[in-house]
Structures are given as C-alpha cells and as structure tokens.
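In: Sequence and computational prediction follow.
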Amino acid sequence: MKFKRVRNMLLATALTCSMMAVPVFAAPANTSSLESQKKAAQNEVNSLQSQLSELMSKMTDLQNQLITKGEEITKAEKQLKEAEEKEQQQYEDMKLRIKYMYEEGDGSAVERILSSGSIAEMLNQAEYAQKVHSYDRQMLDEYVETVTEVKELKESLEEDMNKLEDMQTEYEAQQTELNTTIESKSAEVANLDAQIQEAARKAAEEQAAREKAAQEAAKKAEAQQQENNNTPSGNNGGGAAETPAPAPNTPDTPDTPEAPPAPEEPSGGGSSSGNVSAAQTIVSAAWSQIGVPYVWGGTTPYVGLDCSGLTQWCHAQAGIYIGRVDSQQLAGGMQVSDPQPGDIAWTPGHVAIYIGNGQMIEAQQPGTTICVSSVRASAFVRYW
C-alpha cells in the first residue's frame, strides 16, 4: 500500500511538471518575421508618402505658374485688342485726311499746290501734305508694330502655357501611380498587422489553455495525495505511522502576454451640420456662374474663372475666404465622408462645388464654360 501511494504521487507530480515544461509561445519566430515584414512595408509607405508630398508641392508651384501665365495671357489679349482697335482707327483717320487733302473743293491737292500765289506758298502746301503723310505713315507703322509684338507675346505665353499643362499632366500621372502604390503597400501593412494580431491572440489562447491544464493537473495531484493520506496503512507488526509525502509545489503561473493594441482609427472624415445658410449661399453663387467661360488664372465672376477661382469666389460670397489653388483648399478645410451641397469636390489638380444628388458645378478646362457635371471626387472638403 505504501508503495502504491508513492507511485501515484510521483505520477501526478511528473504529469504536472510535463505540462509546465511546454514553451509559453508556440510560434515566436513567426511573429518576429511578420513584424520585420511589416516594418519593411511601412518604411516603403513612408518613403512613398515623402515622394508624394514633394510631388504635391511641385504641383502647387506649377498651378501658381499656370494661374500667373493665364493672367498674363488675359492681359496680352486685352492689349492686343486695344492695339488692333487703335490700328484700325489710325487707318480710318488717315483715309479721311487723304480724302480731305486730295478731294476737297473743286481741285485736287496737286492743283492747289500748283495754283499757289507764290513759290513760298506752294512749298508750304507741299510740305504740309508731306508732313501729314509722314505722320500717318509713322503712326500706322507704330500701331502695326505694336500689334505684331503683342501677337508674338501672346503666342509665346500660350506656348509656355502648353508646356506647363503638359508638365501638369505628367505630374498628375506620377501622383496617380504613387497613390496606387501607397494604397497597395498600406493594404499590405494592414494585412501583416492583422496577422500579427491573430498570432498574438492564438499565443495568448494557447498559453491560457496550458495554464488551465497545469492547474487541473496540480489539483488532481493534490486530490490524489489527499486520498492517499486518508487511506489507513496496514499494521505490519505495530510499525510506526507513515509520514505523508509532501505535496508537490505548484509552479507560479506565468503572466499571460498581452496582445498588441489594435491600430487607432484615423481621425477626421466626420460629418458636421455646419452653417446651412452659408452652404446655400455657396451653391447659389455657383449656379450664378453657369455659362461663364473657363479662363486660366481667371478670378473675375461673370467674365472668366478657372476651377479654383470659382470655388474661391463662391465661398467669398458667404464670407468664407479660402486658398487660391486646389491643394490649399484641400488642406485648409475639414474633409468629410458625407458630402453636402456647398462642399468642395476635390480631385488632384481640380476642384468644384458639390450641389447634391451626385452632381457638382465646375469650371472644367480651357475652351469650355462653367457647367453642371456628375460628381468626380477623391475627397470632399467643408468650410461652412
């Protein structure tokens, strides 16, 4: 009987120790590998974000150049129109003087010169006619030269504008490519993070299961020992009572590792009721510009506006003053996920006024007029 009690005690103790000897984490190497992959992917995202920020800065500078160049073209067109009008007026005035000099009265200017009473008078008549002719010729030549210079300036500005627009198209293509790559890499980071979370969760569950099994084994061993202690020993010749074997020490339960915290939700993108009256004013102002020509750098309502000039002017009618170019308008307002009429519909390089029902009012591009279009937006921005 004594031998049996000792054997049971040893078996229970061995079972307890074997349960506690299992490592705490089942796959630490796997978690470490995921962390390394996540870090590498995050570094790539950070590098791409840096490139995108630099590109956005270049695009803002380029848009400012386009606006300035558009204003210069508008000014040159005005100067050209004025020069052509002056040229035409000078030509008409010259025709009138010629008609007066050569057709006035009964005789021609030649006859008046020849019929002068003296040589001096004849010379005066001839000199006057020559001076008038020279003046008209000089003024006409000057106006023609001015018209030519302004035309050449306008052509040069338009050529510069075309180059800037080509550069803008190239930048927008680069931006699209960077955004696509960033989205892909961000998704990769999120996937790796989810795998890390899942690995940590499983490790915690396995650790809890091991602890529970160890505790049950310890209780079983203790119960077995108690049972052995309560069993009366046989009296072999009146021997002394057996001393019960000490209960096995239950090892301390290791702390359960905590799973990494879940990533925080990004801030922003919330909704705001805002100033509905201001929003209505913005929308009404946008409607009032329907049919107005698109003009690069245009900021004059009812005459000519570009896309950001339209959104800036509409907000100004509600007493809200915003940036001049699209990147400034994106950065200065609150991005929202539930667009309402009066918000700015933003895409890289372009802005418009959202009017509801999936539509917006926009100044699209040179050669078009301000119109209503189906909404196209990467983000919606609110100032009201």
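Out: Thanks, I have the structure now.

In: And the lowest mean pLDDT element among the helices and strands of this structure?
Out: Lowest by mean pLDDT, DSSP states H and E among the helices and strands of the chain is helix 2-20, with a mean of 51.

In: Show me the residue sitting in the middle of the protein in space.
Out: Nearest to the geometric centre of the chain sits P348, at 6.0 Å (CA atoms, centre = their mean).

In: Leaving out sequence neighbours, find the closest residue to that one.
Out: Nearest non-adjacent residue to P348, counting by CB to CB, 6 or more residues apart in numbering: Q175, 5.2 Å away. All C-beta atoms are positioned from the backbone trio N, CA, C, and that covers glycine.

In: top helix in this protein by residue count?
Out: With DSSP state H setting the assignment, residue counts place helix 119-230 as the longest helix in the chain.

In: Distance from the top strand by length along the chain to the middle of the chain?
Out: Longest strand in the chain by number of residues (criterion: DSSP state E): strand 350-356. Chain-centre distance of strand 350-356: 15 Å, with CA atoms, centre = their mean, to the nearest Å.

In: elements contacting it?
Out: Applying 3 or more CB pairs under 8 Å, 6 or more residues apart in numbering; DSSP states H and E, one finds that strand 350-356 makes contact with helix 276-287, helix 307-316, helix 326-332, strand 344-347, strand 359-362.

In: Just after the least confident helix or strand of the chain, pick out the following helix or strand.
Out: helix 28-103 (DSSP states H and E).

In: What average pLDDT does that next one get?
Out: Helix 28-103 comes out with an average pLDDT of 75.

In: Measure how that helix sits relative to helix 307-316, angle-wise.
Out: Relative orientation of helix 28-103 versus helix 307-316 (axes from the mean of the first three to the mean of the last three CA atoms, to 10 degrees): 90 degrees.

In: So Q63 sits against Q329, correct?
Out: No - with contacts counted by CB atoms under 8 Å, Q63 stays clear of Q329, the gap being 10.9 Å.

In: overlap in contacts of these two?
Out: When contacts are counted by CB atoms under 8 Å, 6 or more residues apart in numbering, Q63 and Q329 have S308 as shared neighbours.

In: rewinding a little: so what's the residue nearest to P348 up against?
Out: Counting by CB under 8 Å, 6+ apart, Q175 makes contact with 52, 55-56, 59, 348.

In: in which helix or strand would I find S373?
Out: For S373, the enclosing helix or strand under DSSP H and E is strand 371-374.

In: Output the contacting helices and strands for that strand.
Out: By 3+ CB pairs under 8 Å, 6+ apart, strand 371-374 packs against strand 359-362.

In: Name the surrounding residues that touch the strand it packs on.
Out: 283, 286-287, 289-290, 307, 310, 345, 350-355, 370-377.

In: if you set the cut-off to 10 Å instead, what comes out?
Out: Strand 359-362 is contacted by residues 282-283, 285-290, 294, 307, 310-311, 314, 339, 341, 343-345, 350-355, 368, 370-377, 380 when judged by CB atoms under 10 Å, 6 or more residues apart in numbering.

In: give me the low-pLDDT residue ranges for the stretch 201-350 of the chain?
Out: Scanning the stretch 201-350 of the chain with the threshold set as pLDDT under 70 gives 231-273.
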